[in-house]
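Q: Output the structure for:
(3 chains, ligands or ions: 5)
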Amino acid sequence: MSNPLADMEKPDLIFCIGTNMTECHPVAATRIKRALKRGAQMVVADPRRIPLAEMAELYLPIRVGSDVALLLGMAHVIARERLVDREFIDARTKDGEAFLEHVQQFTPEWAAGITGLPPADIERAALLYGRADKAAIYYTLGITEHICGVDNVQSLCNLALLTGNLGREGTGINPMRGQNNIQGAGDCGAVPANYPGFQPVHDPANGDKFAKLYGREMDGEKGITKVTALNRCGEGIHAMLIDGENTVVSDPDRHHCEHALRALDHLVVIDIFRTETAEFADVVLPATAWGETDGVCTNTERRVQRLRAAVTPPGEAKPDWWIVSQIAQRMSIAGFEFESAKDVFNELCGLSPIYAGLDWDRIEHGEYNWPVPHKDHPGTPVLHEGEFKNGRGLFRVICYRDPAEVVDDEFPVWLTTGRRLQAYHTRTQTGRAAGIDYLLSEESLEIHPDDLADWGIPDGGWASLRSRRGAIKIRARASNMSPRGTVFCSFSFSDVPVNILTGSGYDPVTETAELKVCPVNISPFEE
Amino acid sequence: MIAEVKPTATATLTLDGVEVSFTEGETIYEVAERAGREVPTLCYDARLEAFGGCRLCVVEVDGMRAPVASCTTPATAGMVVKTTTDAIEKHRRTLLELVASENRENEVDELRGHASQELKSLLDRYEVRGGRFAGRQSGTSNSTDDNPFILRDYDLCISCYRCVRVCAEQEGDHAITMMNRGFEKQITTEFNGILKDSACTFCGQCVQTCPTGALGDRKAMRAESLPGEVEKTRTVCPYCGVGCSVDLLTKEDRLVGVQPAMDGPANEGALCIKGQFAFDFVQHEDRLKMPLVRDEDGELHETDWETALDRAADGFKKAAGEHGRHAVYGVASGRAPHEAAYTMQKFIRAGFGTHQIDNCSRA
Amino acid sequence: MATNQELIEQWWKEEAPLLPLLHAFHDRDGFISEEAIRAVADGLKIPVAEVFGTVTFYHHFARKAPGQAAPRVCTGPACKYLGAPELLKSLEGATPMACAGRCDDGVPVLQGHEVRVGRTADSLEKTPSPLPPPNPGNVEECVFAHIREPERNTMEGYRGYEALEKARGMSRANLLALITDSHLAGRGGAGFPTGKKWEMVEQAEGEPKSIVCNADEGEPGCFKDRAILDYDPHAVIEGMAIAAHATGATKGFIYLRYEYPETFQIVERAMAEAEELLGDGFKLYLRRGGGAYICGEEGSLLNSLEGKHPFPRNRPPFPVTHGYNDLPTVVNNVETLASVAPIVMKGAEWYRGLGLGEHAGTKLVSVSGDIQRPGNFEAPFGLPLLTLLNEWCGGAPEGRSIQAVTMAGLSGGFLAGDDLDVTLDEPSIRAKGAFLGAAGIMVFDDTRDMVEVAHCAMEFFAEESCGKCFPCRIGTQRLTERLNGAAGPADETKWREEVHDIGRTMMATSACGLGVAAPNITESLVKYFPEQVAASLKNGR
Ligand SMILES: Cc1cc2nc3c(=O)[nH]c(=O)nc-3n(C[C@H](O)[C@H](O)[C@H](O)COP(=O)(O)O)c2cc1C
Ligand code: SF4
Ligand code: SF4
Ligand code: SF4
Ligand code: FES
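A: Ligands and ions are numbered 1, 2, ... in the order given. Model prediction:
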């Protein structure tokens, strides 16, 4: 997030797109609700009539995967109505002219044709966003899990740059992270393109620095992503170490995924449960869980916070860092003589510029948002204040692209996936919490009541859901949240393996899977 | 918080004979609290709009006919405030005796909720032993609501409305309300039903702000009969990326519950159903307790660490030896701490000189 | 019959829509169904739980049939001795209600939109409310000066808004100065100087400003506002318009108690007649309460108007800066507003001169109970109470004598014995520990059991306590239990100690006037009637 969570109570206009915040980030959503009470207005764009939509001044039920078209249409109106922040563009951005020229062709009428929205609503959304003094954008996987995920994010940046809604309180572009330490995994360098602290691997200076620190030559080329790695299992990738991820259930295209793991010579899984993924492993190593481990995590607003152990781990479970270090030591890799989480974290702080001002003792109370470049620095709750890290904010010229697969006669319905309030991820954790079943005991497919009737499926009856990759059986439920022609379910229940269906395509840059769009065919289930 | 900028003092008032400064907008209560006075309260929750219901916080202000509620009265320049005169203390004691008289009991297990000891501690502080002001009890416990999370034991309710206000002001769900008026006031949901049929999201915030334990954390209460003291450990919720601060409740190495940290920078006392109630995966019987290796028979078998670690290391050595150093790939977790992700990437980079490392953010 | 949607359409864009919308459903169905609550919540964008809670607050909103169609019988302190308990029993499906403001010719029975009055089931009759009798002391009147003229409650009988015209010809400053100079003070109970209140609103920032006429008149034994609105509604409307001119307000609300349905129609008609004279710059709305004494308290009233749970508001801030919709608002009593036009016409000096001695102006007094000639009287401030009771009202019924009277309806507690020798003005009455307030005076003769009267009074406060603050919510309940023997010590010393401790803490710490005033009942009971208390304790009540 460019701005802190506390800022969510401050915008005049809140633009939520592709985020079912009340269910996925409920505590963040409480701040939005307070902002609304205070008088802020909200525009919500989402294919489903999610709870946020009910609170919005304007709800835009866009067709799945059409976000870029909506955002181009909005940019067009903002430019036409002269709601652009000239001063900001001149002082702090680059390529604004090209972008302004580019959007001239994308009228709301054009965008309406793709998004399925009335042109007047696109117009109104643009005016609400463009006229607000402080407008903030919030998004999650509804923006990124598309083949055009990067384009979506860029389009949002374009809007913010156009109107100067960056670097100030109550503004910004704010992705909400879905997992407690997904931000931290990136911070720590568990990505193919960056060393810890987002130091690019292609920069030779960084290569030299880490060669010295880690005592060996470093590739100057970035690594491949996990998605590519799974594609290359058995052909280039032969061994994998997977820490705490239930790949088989959470990743798209389950059959492909299982096939890939089987093709490995060697798979080591570190986890707290014997997950579906662990069943493919040669070695499974028991890790300590949350509540049993000391450590550090970073939340979605870049706040670095301490995790503390409260109970003894079961049996012989060990901290992840200890396990990895032990394997490394057995392979004679130098620099794994850690004795505590503190040792590990302090080493990280020593080589990551964004953590340079931090250490284990300083973060005792979680008061810092990175970057914290030196010991006297108070942290950086708002990014891009005064100036962008890389100089000027770049406008990008972006065009709309169709999703990898679009509905046709055989697969005439859009399936979109997501999460539910009471379940988390693949339910390895929430599924084992007493009481959760009282509220959510099984997965079901949300279908507009009229579609349900048209397709001859009784409410609560079984349906067969088929995509180009496979078929599953799922209970059907009437829901007014789903628009006609679009259905929804979560990926949390392994007995309803939705990821057998998904996986139609990937964003070419991030290789994030298009989990939000999958054309399907639905029929009453027959034994 | 980040080195908080001290409010610039603009005016002063006299508090129990001492001159103290305050900023405009502060209430007498806030000024008194800052100055270290322990003004008793029951309807007050610093996160909520001051309500002025319990009247325990009354103080004397020169020139006022009657005591004023310090929680709702703005501080003004030159005010002369007395927080603990004999008369005030007597009123407070009477108020507490009145409140004590309307409940079935006033002592509950601390596992019921974060604020559950507030009433009891005040009764102790004012040495209220009960017995005076006998009469009918207020509030009727809801015995039909069988939800596994929230006990609704309104026999203990003192109508402070913190639950209703926290649900409206903090959580924004407006799931619960106040029915009837006067002594018949009753906390309930729309149409006096059960929480599951209401707008309730089971965030638990009402439970945690209830000063009497009328609302109780049913999951934590399972451990009431376990031996040992309740201990609290501050950490961060394991679910979404908001990063809510929580206190883990333990009893002799048993994780028995979770409470939100009222001073948590990301959540300020809020949680959702997952952070609040979905903690028992930690000491679940399904947990992996021993390393497993796949044997000749093709099945995973328990083994010791030495064997398992050797097997793990050998496999990577072999793969790199046969297929080159780019053949080994690491997937770090988005849920494990930094130390896990850091060592994972270091393992790949220091071990193989490659960047064959990623995390699960793409799924 | 209107559909849910039609009702919502009719009201959702209106000012203060919740109450009228609830009434629309209540009138349509006879009660407020679950479906209605959901529709209202959805239509007004208020959470369902909140609407539900608010509906349950008002005693007159029924939640099931026969609801509005069932008779409700006043069992207030005056009606109680006029046969109300027997009447209640004899009417099928009847339920009791708190004092409904017809103490001068009780017992009122409210059914649907109709009030019938009588002592027995057969004698119930729909009659106009009693007109104030000609002034027995022959003193010059202000508010009642023209009320007895025929057709006074029509525009024709009222003969136009001359005072408004005159006021509109004056500058705001001069008009404010005139009202201030007249020493007119609030007649709703608190007696705040009216000119000062208007001036504060005039000066407060924020628009639009509002004038709210407090016609909730829920205090038992008070029925003067009813008389004004039934027989001289234009005086009040004109007063509001003058207040609007003085303060710059553009909106006005009349908040009328539920129990006056006929008055509602009279005022509604008068408002229609006045629309043209008021002009575009001042829009007037009539709102009907739902049956809650506390909604006469101005903060509660404003919350009720705004569709919120009708708890009193914390003060400061006051309505003059944070009133309706948190904007500057004048809240004035009916009688206060009715005094304005005469003052504008005749001047400040004239008004001041109406009082006796150093006391300025007049006060409407409602006398009821054990008295020969109950009714509303306009008395000069400073009139001896005994003159009022014995000369104006003919004293106690034949063969009986006055044992005690209540002051300020019930809120002032009892006066008895030598302390009846007071004059009608606050300094004199406050010196005896009571207060005049809205000047409802209920008389109890020597045959009455004063502990029983006190119990009836305290029960009223307990039932009307809003439940916001601890001292009043629990205190009124505990005092009631101590007066009817349901709980509490049997030992007299201990009983007195508990009652006094509770009372003192209620007076000192309650959040609004209800809880502060309620213990006046017990304190004065113990003061004047210790033997009756002792006897009642001894008999186990
Ligand atoms: C419990 C309670 C009930 C009240 N009821 C009424 C009422 O019915 N009518 C009224 O005019 N004022 C009532 N008041 C007084 C109002 O709060 C307010 O002071 C008054 O309307 C101001 O108008 P005035 O200045 O013209 O008297 C009540 C006050 C309290 C505490
Ligand atoms: S658990 Fe949360 S949502 Fe439910 S009633 Fe309590 S505060 Fe409201
Ligand atoms: S349930 Fe608890 S928090 Fe709610 S009103 Fe009662 S005592 Fe207060
Ligand atoms: S004194 Fe009584 S009526 Fe007034 S706020 Fe308190 S509880 Fe409500
Ligand atoms: S804390 Fe002030 S009234 Fe309760």
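Q: Per-residue pLDDT of B:Lys6, please?
A: In this model, B:Lys6 is scored at 50, pLDDT.
Q: Most proximal residue of the stretch 1-150 of chain B with respect to ligand 3?
A: Nearest residue of the stretch 1-150 of chain B to ligand 3: B:Gly139, at 6.9 Å (Cβ to the nearest ligand atom). In this view, the C-beta of every residue, glycine as well, is placed from N, C-alpha and C.
Q: Scan chain C for its longest strand.
A: Ranked by residue count, the top strand of chain C under DSSP state E comes out as strand C:362-369.
Q: Now find how far off-centre that strand is within its chain.
A: Remark: strand C:362-369 is offset 13 Å from the chain centroid, using Cα atoms, centre = their mean, to the nearest Å.
Q: From C:Gly221, how far out is C:Ala292?
A: 18 Å (Cβ to Cβ, to the nearest Å).
Q: If you could redo that for C:Phe52, that was the one I meant.
A: Using Cβ to Cβ, C:Phe52 is found at 33 Å from C:Gly221.
Q: quick one on the thing from earlier: run through the neighbouring helices and strands of the longest strand of chain C.
A: Packed against strand C:362-369 by the contact rule (3 or more Cβ pairs under 8 Å, 6 or more residues apart in numbering or on different chains; DSSP states H and E) you find helix C:224-231, strand C:375-380, strand C:440-445.
Q: buried sites along that strand?
A: For strand C:362-369, the neighbour count (16 or more other Cβ atoms under 10 Å in any protein chain shown) marks C:Thr362, C:Lys363, C:Leu364, C:Val365, C:Ser366, C:Val367, C:Ser368, C:Gly369 as buried.
Q: So C:Ala292 and C:Gly221 - more neighbours on which side?
A: C:Gly221 (30 against 26; other Cβ atoms under 10 Å in any protein chain shown).
Q: what's the spacing between the nearest residue to the more buried one once chain neighbours are set aside and B:Arg165?
A: Of all residues not flanking C:Gly221 in the chain, C:Gly440 sits nearest, at 3.4 Å (Cβ to Cβ, 6 or more residues apart in numbering or on different chains). Going from C:Gly440 to B:Arg165 by Cβ to Cβ gives 36 Å.
Q: Neighbour count for these two, which is higher?
A: The residue with more neighbours, out of C:Gly440 and B:Arg165, is C:Gly440; 32 against 21, by other Cβ under 10 Å.
Q: what residues are up against the more buried one?
A: C:103, C:219-223, C:365-366, C:368, C:406, C:408-410 (Cβ atoms under 8 Å, 6 or more residues apart in numbering or on different chains).
Q: Give me the helices and strands touching the host helix or strand of B:Ala341, please.
A: According to DSSP states H and E, B:Ala341 maps onto helix B:338-352. In terms of contacts (3+ Cβ pairs under 8 Å, 6+ apart), helix B:338-352 is packed against helix A:182-187, helix A:204-214, strand A:239-243, strand A:295-298, helix A:320-330, helix A:341-351, strand B:328-332, strand B:357-359.
Q: Go through the ones you listed and name the closest to B:Asn267.
A: Among the helices and strands packed on helix B:338-352, the nearest to B:Asn267 by Cβ to Cβ is strand A:295-298 (14.1 Å).
Q: Which secondary structure elements does whichever helix or strand comes after the closest one sit against?
A: Scanning forward in sequence from strand A:295-298 by DSSP H and E, the next helix or strand is strand A:303-307. Applying 3+ Cβ pairs under 8 Å, 6+ apart, we find strand A:303-307 packed against strand A:295-298, strand A:368-369, strand B:230-236.
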